[in-house]
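Engineer: Whatever this is, show me its structure:
(2 chains)
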Amino acid sequence: MPQLTMTDMYKAYGATVALKSGQIALHPGELHVIMGANGSGKSTLCKILAGSVKPDGGRIELNGKEITISGPKAARDLGVSIFYQELSLSKNRSVAENILARDLPCRAGFVDRKAVLARAEKVFAPFRDVAGDDFDLKTRVGDLRPDQRQLVEIAKTFAGGARIFIFDEPTSALDRAQTEAFFRELDRRKAEGASIVFISHRMEEVFEIGDRVTVIRDGETVSSAPLAETTRDRIVAEMVGGETGASVFADPPAAPVPGPEKLRVQGLTSRRLRDVSFTLHAGEVLGLGGLHGQGQSDLLRALFGLEPLDGTLTLDGAPITLPSPRRAIRQGFGYISGDRQSDGAISGRSIFENVVPIHLFKTRAFFVNHATLSAEVDRVLAILATRHGGRMAPISSLSGGNQQKVIISRWLMDETGVLLLDDPTKGIDLATKLELFALIRSLADKGMAILLYSSEDAELLANSDRILVFNNGAVVQELQGNDRTRTQLTRAAFEAA
Amino acid sequence: MTLPSLLRKMPPFMPVLIILICMFALNGLAEPNSLSPYALKGLISTYLALMFLSVGQTIVIFAADIDLSVGAILGLVNVTLVSMMQVLGGEPAGIFAAMAIALAVGAGCGLLNGILVVVLRLQAIVATFGTSVLFLGLALWIMPVAGTPAPRLFWRTFGGRIAGIPFAYFVLAGLLVLIVLLSRSRFVPRLLTVGDDQLAAYQTGLPVQSIRVRGYVACGIFAALAGFCITGDTASGDPNVGGLITLNSVAAAVLGGAALSGGVGTLFGSVLGSLVIGLVGSLVFFLGTPSEWQNLVQGLTVLAALMVGILFGGKARA
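Structural biologist: Next up, the predicted model:
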């Protein structure tokens, strides 16, 4: 009998349906892998179980009894424990306090410090040998290396008497020995009768430790089978689905005649990126693919001077450095984020004021001629066919797609050589999306070099001349020509670096 | 051991302890009598209220909140206590009953702040500034004119001695015991975890809202205890007694090593921070600064002390 079942789970954010019909049955002593492409709803399903997302419909049964999960605390009280990527540690507390944060051992109302250390020691024991010599349970978590932090988060997930564990990409920062220690602990917990849910971006790992695999596509559970009875190819096929042509987006564009080399990146390494190298030509749209958060946004932000980086960058044949966004803008880089509210729109101000700042920064002029400037603004807004009620209307009066057009206009007032697009169509309706991509293509045709990250594989495939596939901060594969298919993209996304 | 690792290992109140020792030394140089037992007793009993208040302030700061109404709560408690003692009589039974009522008033004020900030999600700075005006209004309604005297027994006890030891020292010892108990309880680590990263604490399964509300209630209780001290010190009721003390409590907490962004600090550090602020005041006085310059010099000295503390603390955490 399954320990926990979730049936017909449904969750929508506004008009976007994140999960249409999620099903899963967890059996004690089993490691259950959930596989799915970007936006398939696998994380939503896990978050519902962990209590951090409230479902709009569906039925959850624990040991045959229907339950509701009102929040993370309720989930923990029901015996569900989830691993968050770095998200749940408090950096100013010690390792021991973090591991036991939910339930610090007490004696007579006071925290029993000896018991805290002893119990944390016991929970952390399986990872002690692989955590490094400098590791100490009294260290502040903020002073740890990323891999040590991840081990602490894992230990924290195991602490306390949970019976169901959820791990969402738990091994991204771990080395081989650490990963093995973690897998051994998973086996031990399985032997004790725990159910484990596992999301991974490494196909190898899945076949190494999984017992059963559930594939989710477009918010629906497609299949659930023992891993011994399936193959890699079948899983990839199920993740992609049969109807590749059903997308409103066209087939991949014919590769253009590459222009002169614009940007060359060699051995780029940052907090999140590992040894990324590529060249970008003028007139080209280079797509960045793979599962969410594998370093695509980090690359774009690093190239805009928002994150420190190591490695060599060559622009038009000359070496450059990008210590700050100011420098990046002067070098001819433009950055457009899908998070318009935090990284793009100057909210509450007019369209005019939202278009001119980059131009004013680049010209260094002290006085501006309002009439010439207005004419310029109208010119770029017209290029993009922005629908607006006058340039003095507040930007918030526009739809998301038109706001994004205004933000793109900023970079068209003066020459921009390299345009960095960080999931630019997030939350934009389909018709406007198509317009935006037509516009992006026309910019490339005029000689702009464009790096495009999109969280939707269909968009990426339909608009990229080449695609770099990322996994855990590294480029694992480059897709060109006829290789630009959903199947190839999904297969590459789960390829280990 | 290298300097950075030494700085990291030291308790967070080390910088303020060093500043405090320097301030004592400067005071001693300017006026040797300022280190006499009599002067020390005066210093302690004058600044006990600030110590209690800054400990309360630190509790909310731990959780990355702030309470700008502590001074007003102190004033409200002061007038409530004096009025109730007048109604109930100056006998021990009446005094204790009045103290219990005043303590409940403080806790109630804290609860109101907590509900506004945590449950109704108003900005902490704006909401507690708003309630401070409300509390001041209440205090003026209870006692429109300052000057109602406290019963003799009350202030005589506070200003007197037991077995030759000034009563203020017993209060200080009581405060320190309270701090030790609080720091050892589950309450303070949980507040710090919440202040460090609220989302992380929520996802860990901590009852974030209830922890923050309890922080505000504890702050109200400490403000009430501070109100008792100020009543003992001034021996009368005055609705405006809160005045500048709110911002001093924030300054004392920051001097003591607490970060306004939450998650860092010690309650003991805030006690030391309050003493530094007190000693700055007396140093300015002993240096014979002309009265029109006193505020300016005092302000500059507090700023300098804050900067020294941040330089040390910042290095330790870098």
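Engineer: From now on I want contacts and neighbour counts done on CA atoms only, so please keep to that.
Structural biologist: OK.
Engineer: quick one: contacts for B:Gly195?
Structural biologist: Residues counted as contacts of B:Gly195 (C-alpha atoms under 8 Å, 6 or more residues apart in numbering or on different chains) are B:Ile61, B:Phe62, B:Ala63, B:Ala64, B:Asp65, B:Ser261, B:Gly262, B:Gly263.
Engineer: Can you say which of those residues are buried?
Structural biologist: Buried members of these, scored by 16 or more other C-alpha atoms under 10 Å in any protein chain shown, are B:Ile61, B:Phe62, B:Ala63, B:Ala64, B:Asp65, B:Gly262, B:Gly263.
Engineer: quick one on the thing from earlier: let me have the contacts of B:Gly195 in CSV, extended by secondary structure and pLDDT.
Structural biologist: Putting the contacts of B:Gly195 into CSV (DSSP: H, G, I helix; E, B strand; the rest coil; pLDDT from 0 to 100) gives the following:
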residue, secondary structure, pLDDT
B:Ile61, helix, 95
B:Phe62, helix, 95
B:Ala63, coil, 95
B:Ala64, coil, 93
B:Asp65, coil, 93
B:Ser261, coil, 87
B:Gly262, coil, 88
B:Gly263, coil, 89
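Engineer: Contacting chain A as well, which ones from those residues?
Structural biologist: Residues of these in contact with chain A (C-alpha under 8 Å from any C-alpha of the partner chain): B:Gly263.
Engineer: And the contacts of B:Gly195, which two are furthest apart?
Structural biologist: Spanning the widest gap among these are B:Asp65 and B:Gly263, at 10.4 Å by C-alpha to C-alpha.
Engineer: name the helices or strands packed onto the strand or helix carrying B:Val60?
Structural biologist: In the assignment (DSSP states H and E), B:Val60 maps to helix B:37-62. Counting contacts by 3 or more C-alpha pairs under 8 Å, 6 or more residues apart in numbering or on different chains; DSSP states H and E, helix B:37-62 is packed against helix B:167-184, helix B:187-196, helix B:208-234, helix B:245-255, helix B:267-286.
Engineer: Restricting to C-alpha, output the shortest one in PDB.
Structural biologist: When you say that, I think you mean helix B:187-196. Output of helix B:187-196 as PDB, limited to C-alpha atoms (Å, rounded to 0.1, in the frame of the first residue of the first chain):
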ATOM      1  CA  PHE B 187      13.300  32.100  22.100                       C
ATOM      2  CA  VAL B 188      16.400  34.100  21.200                       C
ATOM      3  CA  PRO B 189      17.900  31.600  18.700                       C
ATOM      4  CA  ARG B 190      14.500  31.400  17.000                       C
ATOM      5  CA  LEU B 191      14.300  35.200  16.700                       C
ATOM      6  CA  LEU B 192      17.800  35.300  15.200                       C
ATOM      7  CA  THR B 193      16.900  32.500  12.700                       C
ATOM      8  CA  VAL B 194      13.800  34.500  11.600                       C
ATOM      9  CA  GLY B 195      15.800  37.700  11.400                       C
ATOM     10  CA  ASP B 196      18.600  36.000   9.400                       C
END
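Engineer: other SSEs contacting the helix or strand immediately after it in the chain?
Structural biologist: Per DSSP H and E, the first helix or strand lying C-terminal to helix B:187-196 is helix B:198-204. Applying 3+ C-alpha pairs under 8 Å, 6+ apart, we find helix B:198-204 packed against helix A:72-77, helix B:187-196, helix B:208-234.
Engineer: Quick check: A:Leu4 vs B:Trp293, distance?
Structural biologist: 73 Å (C-alpha to C-alpha, to the nearest Å).
Engineer: In contact with A:Phe83, which residues?
Structural biologist: Counting by C-alpha under 8 Å, 6+ apart, A:Phe83 touches A:Glu153, A:Ile154, A:Thr157, A:Phe165, A:Ile166, A:Phe167, A:Asp168, A:Pro170.
Engineer: Narrow these to those in strands?
Structural biologist: Cross-referencing those against strands under DSSP state E gives A:Phe165, A:Ile166, A:Phe167, A:Asp168.
Engineer: What pLDDT is listed against residue 193?
Structural biologist: I went with chain A, as the question did not name one. Looking at A:Gly193, its pLDDT is 92.
Engineer: that's the wrong chain, I meant chain B
Structural biologist: Turning to B:Thr193, the model gives it a pLDDT of 94.
Engineer: Is there a neighbour count for the residue of the stretch 351-497 of chain A found nearest chain B? I'd like the number.
Structural biologist: Residue nearest to chain B within the stretch 351-497 of chain A (C-alpha to the nearest C-alpha): A:Asn472, separated by 22.7 Å. Neighbourhood size, A:Asn472 [other C-alpha atoms under 10 Å in any protein chain shown]: 25.
Engineer: on that earlier part again, pLDDT averaged over the helix or strand that the helix holding B:Val60 is followed by, what's the number?
Structural biologist: The C-terminal neighbour of helix B:37-62 among helices and strands, as given by DSSP H and E, is helix B:70-88. Averaged across helix B:70-88, the pLDDT comes to 94.
Engineer: do stretch A:93-101 as well
Structural biologist: So the average pLDDT for stretch A:93-101 ends up being 92.
Engineer: what bits of chain A have low per-residue confidence?
Structural biologist: By pLDDT under 70, the weakly predicted segments of chain A are A:86-87, A:242-251, A:255-256, A:496-497.
Engineer: Near chain B, which residues of it are found?
Structural biologist: So chain A meets chain B at A:52, A:71-76, A:87-93, A:101-102, A:104, A:106, A:109-111 (C-alpha under 8 Å from any C-alpha).
Engineer: go again using 7 Å as the cut-off
Structural biologist: Residues of chain A found near chain B (C-alpha under 7 Å from any C-alpha of the partner chain) are A:72-73, A:76, A:87-92, A:102, A:104, A:109-111.
Engineer: Thanks again, I'm all set now.
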